[in-house]
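**Q** Okay, sequence plus prediction incoming.
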Amino acid sequence: MKSEKDYKNILKNRLELLEAKIREIDAELTSHNSRDWEELAVERETDEVLEGMGVSAQGEIRAIKAALGRIDAKVFGICVSCGEKVSDERLEVLPHAPLCKNCVINAA
């Protein structure tokens, strides 16, 4: 079982990676200079994929920051919905998980 300090390090490292990824995506999205219509069409398709990746990364960043806030508030690993413990197995897979397995199932 990992400690809160372990999870805090894991979450901070993931946050740094995601923030770097977003910077790379932003740089790529602003770097297009093509005047050729075919190249521009390909670039726009690529932009859509990059934008989707950026949106996904931003969502994960918000979830990680919320988890870091729960660590600071000493409520990390407690379901934000029902107040029960989030299983160690779930936190191993998704360290920023705000909900226990039962609440995830009930929400679906």
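**A** Here it is on my side, so go on. Residues are numbered from 1 along each chain as shown.

**Q** okay, and for this protein, where does confidence drop off?
**A** Within the chain, the segments meeting pLDDT under 70 span 32-43.

**Q** Looking at it, which helix is longest?
**A** The residue-count maximum for a helix in the chain (DSSP state H) belongs to helix 37-72.

**Q** what packs against it?
**A** Other elements packing on helix 37-72 under the criterion 3 or more CB pairs under 8 Å, 6 or more residues apart in numbering; DSSP states H and E are helix 4-29. The way it works is simple: take the backbone N, C-alpha and C, and place the C-beta from them, glycine included.

**Q** Buried ones in the helix it packs on, by neighbour count?
**A** Under the neighbour-count criterion of 16 or more other CB atoms under 10 Å, helix 4-29 has 7, 8, 10, 11, 14, 15, 18, 21, 22, 25 buried.

**Q** Pull the residues that contact the helix or strand just after the longest helix of the chain.
**A** Scanning forward in sequence from helix 37-72 by DSSP states H and E, the next helix or strand is helix 88-93. Contacts to helix 88-93, defined as CB atoms under 8 Å, 6 or more residues apart in numbering, come from residues 1, 2, 7, 77, 97, 100, 101.

**Q** measure the fourth one to residue 55 for me?
**A** As defined by CB to CB, to the nearest Å, residue 77 lies at a distance of 27 Å from residue 55.

**Q** What of the third one?
**A** According to CB to CB, residue 7 and residue 55 sit 25 Å apart.

**Q** Ok, the last one next?
**A** When distance is defined by CB to CB, residue 101 is 26 Å away from residue 55.

**Q** follow-up on the earlier one: keep only those of the contacts of helix 88-93 that are in helices.
**A** Judged by DSSP H, the subset of those located in helices is 7, 101.

**Q** Let me know the closest of the contacts of helix 88-93 to residue 71.
**A** Closest approach to residue 71 among the contacts of helix 88-93 (CB to CB): residue 7, at 6.7 Å.

**Q** Neighbours of the spatially closest residue to the closest one that is not a sequence neighbour, how many?
**A** Once flanking residues are discounted, residue 7 sits nearest to residue 95: 5.3 Å by CB to CB, 6 or more residues apart in numbering. Using other CB atoms under 10 Å, residue 95 has 20 other residues around it.
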